[in-house]
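1. show me the folded form of this:
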Amino acid sequence: MDFSLLGFGFVALASVPLTVIDIRQRRLPNKLTVPAIAVTFASLAAAATWQGDWLRFWICAAWGFGGFAVGLLLNIRRMLGMGDVKLLVSLLPLLAWFGWQQPFYGLLAAFAGAGLVLLLKLSMGRLRLDSTLAMGPYLLLGFWLAAGLGWGYSPG
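-> Numbering: from 1, shown residues only. A predicted model of the protein is given here:
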């Protein structure tokens, strides 16, 4: 039994509300992002206990803590909202369950997608250089693309 699926399930249930709220209000509410962090780490700890693979858990945890640290630095520079930072803390460890490299794919897809939309909107005059972009939907899109790749290969 793979208890990590509980974390993926929570993110699946929260993905649509998070996307809609972020697009409409430019925020990701704590009532969804904070429980996502708790469910992520609890499900990964249960999976590590069940499979006896604590090294894998600590690699996932490192991705969560690293995502928080980098996200916090980006937040201080006003390049990423705190809701996005908290979302990363739940998404990156789940992707790392597939392998240490999987979060890179998720981040690459998220920022490439956001960058492409940003360039397109700028070129069409629908966005200014000082405008904000809701990153939550792109982080979730990158997460699900990378997770889809991860299900093709899982070390566990």
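
2. distance of Val34 relative to Gln51?
-> 26 Å (C-beta to C-beta, to the nearest Å). Any C-beta I mention is one placed from the backbone N, CA and C, and that applies to glycine too.

3. now do Val11
-> The value you get for Val11 to Gln51, if C-beta to C-beta is used, is 20 Å.

4. do the same with Thr132
-> According to C-beta to C-beta, Thr132 and Gln51 sit 41 Å apart.

5. neighbour count winner among those two?
-> Comparing Thr132 with Gln51 by other C-beta atoms under 10 Å, the one with more neighbours is Gln51, at 15 against 9.

6. so what pLDDT did the more buried one get?
-> pLDDT recorded at Gln51 is 93.

7. now swap in the one 4 residues further on and tell me
-> In this model, Leu55 is scored at 96, pLDDT.

8. any idea which element it lies in?
-> Using DSSP states H and E, Leu55 maps to helix 54-76.

9. the helices in this structure, which residues?
-> 4-25, 30-51, 54-76, 82-96, 102-123, 136-152 (DSSP state H).

10. deepest of these, which one?
-> Across the helices of the chain, averaging neighbours per residue (mean count of other C-beta atoms under 10 Å) puts helix 82-96 on top, at a mean of 25.

11. kindly provide the distance from His47 to Asp53.
-> Let me fix one detail, which is that residue 47 is Ala and not His. Going from Ala47 to Asp53 by C-beta to C-beta gives 8 Å.

12. next: Leu80.
-> Distance, Leu80 to Asp53, using C-beta to C-beta: 31 Å.

13. who has more neighbours, these two?
-> Using other C-beta under 10 Å as the criterion, Leu80 and Asp53 rank with Leu80 on top: 19 against 15.

14. what residues are up against that one?
-> By C-beta atoms under 8 Å, 6 or more residues apart in numbering, the residues touching Leu80 are Gly71, Leu74, Met135.

15. how about the residues you listed in JSON lines, adding pLDDT and distance to Gly150?
-> Converted to JSON lines, the contacts of Leu80 look like this (pLDDT from 0 to 100; distance: C-beta to C-beta, whole Å):
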{"residue": "Gly71", "pLDDT": "95", "distance to Gly150": "21"}
{"residue": "Leu74", "pLDDT": "94", "distance to Gly150": "24"}
{"residue": "Met135", "pLDDT": "95", "distance to Gly150": "21"}
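
16. sounds good, over and out.
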